[in-house]
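J.: here's a sequence, model it:
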Amino acid sequence: MVDADVVVIGGGIIGLATARAVLRSAPGTSVLVLEAEPRWGAHQSGHNSNVIHSGLYYAPGSHKARMARAGAEEMIRFCAEHDVPVRRTGKLVVATRPAEVPRLDALVERGTANGVTVRRISKVELAEREPHVAAVAAAHVAETAVTDFSQVCAAMAAEIAELGGELRTGAPVERIRSRGDGVVLTAGDATVRARALVNCAGLHSDRVARLSGITPPVRIVPFRGEYFALRPERQHLVGGPVYPVPDPALPFLGIHLTPMLDGTVHIGPNAVPAFARHGYRWRDVDGRMLGDLLRDPASRGLARRYWRYGIGEFARSALRPLFVRSVRAMLPEVTARDVLRHGAGVRAQAVDDDGKLVDDFVISRAPRAVHVLNAPSPAATASLLIGERVAADVLDELVAE
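T.: From the prediction side, this is the model:
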């Protein structure tokens with residue numbers, strides 16, 4: 001039996017940031033972090049583009065815009081203080097077709113309203129910055145940076161231990177029961193009693209919410225994002241992050257080019273429905289999850305709404321030439337021989353009851369519990385600030401007992 005004031009379910013970047021924030025804001029509070037996998041940040045936090053975003057894409061004045069701008073600087077400071085590699089790179093957003101230019105201009109206006117240093121650049125400046133990139137128009141964003149969020153998670157875990165928190169890997173939560181003064185969890189071979197819980201289970205957040213006895217307002221549909229990388233001898237084709245103008249109808253940024261800290265140039269991700277919550281490969285199939293999705297009216301609504309987009313993404317996933325063709329719109333010199341498969345990530349995409357993709361944070365409070373049910377980009381960028389917000393909510397629950 002383990003006792004704690006607060007138990008955090010999920011050792012990704014949001015769960016770790018929340019545990020850290022509780023310990024820093026309420027010294028003396030006992031905190032236990034439970035992670036099902038053998039390491040921290042094993043899923044979304046360790047399988048992403050590793051980009052610290054600027055706040056370019058979000059509606060002016062929105063919570064996401066404010067969190068991104070302040071959260072990016074906080075994350076860069078955290079990396080510097082904890083010897084996590086980080087590099088300010090800036091990035092380009094490029095329009096490859098005339099029809100995209102008005103959307104690019106709208107992004108520049110939106111970013112400026114959010115306090116982002118963003119400006120349209122000439123074709124001459126584009127050629128100077130990225131001589132191998134093709135575009136009819138481009139904008140430069142100054143604040144973008146690149147780090148390694150797996151190392152960020154490791155640094156957070158180390159700080160939590162230094163602050164007196166307890167961390168356990170290999171501890172999947174299998175049962176949650178309410179009791180008068182808190183909750184009792186079964187996690188692996190341990191029984192945990194806590195005064196309050198925080199659900200930061202990411203790909204399993206809706207399942208954990210149901211285990212705790214609530215009906216979540218969203219369900220999680222996993223989307224796999226597949227990455228390629230340029231062969232080492234072709235890495236010179238890309239100097240810094242290059243992004244397309246995103247489709248405003250979708251919560252995905254599109255296939256982009258991102259040089260990593262080690263020199264590797266990532267290309268991707270696409271966005272295809274995964275057949276398992278940990279569906280990193282086509283052959284990863286969870287029949288029970290698929291059955292649940294097929295019976296869910298919201299999932300059927302999702303399929304009706306986005307089937308054309310989905311067919312295109314499946315085709316690009318299955319046929320490398322189609323994937324490369326989409327990359328060539330930005331980087332025309334690249335060929336199928338220049339790219340190698342470079343793993344994948346799985347995004348926990350929240351879907352509402354009407355089958356619409358949810359592109360905002362969903363954080364629900366219940367007695368003695370806080371559930372982070374959707375934490376889309378810029379979640380990693382703003383994770384320290386999100387953790388502070390969630391920590392304040394769970395501490396309120398302790399006070400309200």
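J.: which stretches of the protein form helices?
T.: For the chain, the helices defined by DSSP state H occupy 13-25, 63-81, 101-113, 123-129, 149-162, 205-211, 287-295, 297-318, 320-328, 383-399.
J.: what separates Phe252 from Val51, distance-wise?
T.: Distance, Phe252 to Val51, by Cβ to Cβ, to the nearest Å: 14 Å. Backbone N, C-alpha and C define where each C-beta goes, glycine included.
J.: same drill for those two, tell me which one is more crowded.
T.: Val51 (25 against 20; other Cβ atoms under 10 Å).
J.: how about stretch 278-295: buried residues?
T.: His278, Gly279, Tyr280, Asp284, Asp286, Met289, Leu293 (16 or more other Cβ atoms under 10 Å).
J.: and these, which is closest to Arg308?
T.: Leu293 (19.1 Å; Cβ to Cβ).
J.: quick check: pLDDT value at the closest one.
T.: Looking at Leu293, its pLDDT reads 87.
J.: what about the closest residue to it other than its chain neighbours, how many residues close to it?
T.: Leaving aside its sequence neighbours, Leu293 sits nearest to Ser299 (Cβ to Cβ, 6 or more residues apart in numbering; 4.3 Å). Per other Cβ under 10 Å, the neighbour tally for Ser299 reads 18.
J.: do you know how far Ser299 is from Ala145?
T.: 36 Å.
J.: just Asp247 next, same as before
T.: 25 Å.
J.: for Tyr280, same thing?
T.: For Tyr280, the distance to Ala145 - Cβ to Cβ - is 26 Å.
J.: wait, isn't the residue nearest to Leu293 in contact with Pro222?
T.: No - checked against Cβ atoms under 8 Å, the pair Ser299 and Pro222 is beyond contact range at 11.6 Å.
J.: quick check: pLDDT value at Pro251.
T.: 66.
J.: kindly apply the preceding question to Met1 instead.
T.: 67.
J.: tell me which of Asp247 and Ala145 has more neighbours.
T.: Ala145 (22 against 13).
J.: now do the contacts for that one.
T.: Val51, Ile52, Ala72, Ile76, Val86, Arg87, Arg88, Thr89 (Cβ atoms under 8 Å, 6 or more residues apart in numbering).
J.: so which of those is the most crowded?
T.: Within the contacts of Ala145, most neighbours by other Cβ under 10 Å means Ile52, with 28 neighbours.
J.: beta partners of the closest residue to that residue other than its chain neighbours?
T.: Sequence neighbours aside, Ala145 is the residue nearest to Ile52 in space, at 4.1 Å (criterion: Cβ to Cβ, 6+ apart). Taking DSSP bridges as the rule, Ala145 bridges to Ile52, Arg88.
J.: could you report the distance from Ala190 to Val7?
T.: For Ala190 relative to Val7 (Cβ to Cβ), the value is 11 Å.
J.: nope, Val399 is what I meant
T.: Distance, Val399 to Val7, by Cβ to Cβ: 17 Å.
J.: of those two, who's got more company?
T.: Val7 (31 against 8).
J.: ok, now which ones touch that one?
T.: Contacts of Val7 (Cβ under 8 Å, 6+ apart): Val31, Leu32, Val33, Leu34, Val183, Leu185, Val192, Ala194, Ala196, Leu197, Val198.
J.: what do you get for Asp206?
T.: Pro216, Val218, Arg219, Ile220, Leu373.
J.: among the contacts of Val7, name the ones in strands.
T.: Val31, Leu32, Val33, Leu34, Val183, Leu185, Val192, Ala194, Ala196, Leu197, Val198 (DSSP state E).
J.: partners of the fourth one in the sheet?
T.: Just to be clear, that refers to Leu34. Leu34 forms beta bridges with Ile9, Arg168, as assigned by DSSP bridges.
J.: contact partners for it?
T.: Val7, Val8, Ile9, Gly10, Gly11, Arg168, Ala171, Val173, Leu185, Ala187, Val192.
J.: what's the local residue count around the residue lying closest to Ala68 once chain neighbours are set aside?
T.: Ranked by Cβ to Cβ, 6+ apart and with sequence neighbours excluded, the top spatial neighbour of Ala68 is Gly55, at 3.4 Å. Using other Cβ under 10 Å, Gly55 is surrounded by 28 other residues.
J.: low-confidence stretches in the chain?
T.: 1, 251, 401 (pLDDT under 70).
J.: which residues touch Ser54?
T.: So Ser54 contacts Ala68, Arg69, Ala72, Lys91, Gly111, Val116, Val118, Val141, Ala142, Glu143, Thr144 (Cβ under 8 Å, 6+ apart).
J.: can I get the contacts of Val7 in CSV with distance to Ser383?
T.: Shown next, in CSV, are these (distance: Cβ to Cβ, whole Å):
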residue, distance to Ser383
Val31, 16
Leu32, 19
Val33, 14
Leu34, 18
Val183, 24
Leu185, 23
Val192, 24
Ala194, 22
Ala196, 20
Leu197, 19
Val198, 14
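J.: before we move on, the earlier item: and the two most separated of the ones in strands among the contacts of Val7?
T.: Val33 and Val183 (15.2 Å).
J.: compare neighbour counts for these two and give me the winner.
T.: Applying other Cβ under 10 Å to Val33 and Val183 shows that Val33 carries more neighbours, namely 29 against 20.
J.: run through the residues that contact that one.
T.: Val33 touches 7-8, 10-11, 15-16, 19, 157, 160, 165-168, counting by Cβ under 8 Å, 6+ apart.
J.: then Val198?
T.: Val6, Val7, Val8, Ile9, Gly15, Thr18, Ala369, Val370, His371, Val372, Val390, Val394.
J.: can you get me the start-to-end distance on stretch 117-130?
T.: 19 Å (Cα to Cα, to the nearest Å).
J.: nope, stretch 230-250 is what I was after
T.: End residues of stretch 230-250 are separated by 26 Å (Cα to Cα).
J.: and for stretch 123-142?
T.: Start-to-end, stretch 123-142 (Cα to Cα) is 18 Å.
J.: with stretch 75-89 instead?
T.: Start-to-end span of stretch 75-89 (Cα to Cα) is 15 Å.
J.: I would like the residues contacting that stretch, please.
T.: 52, 143-148, 151-152, 155, 158-159, 240-241, 259, 261, 380-384.
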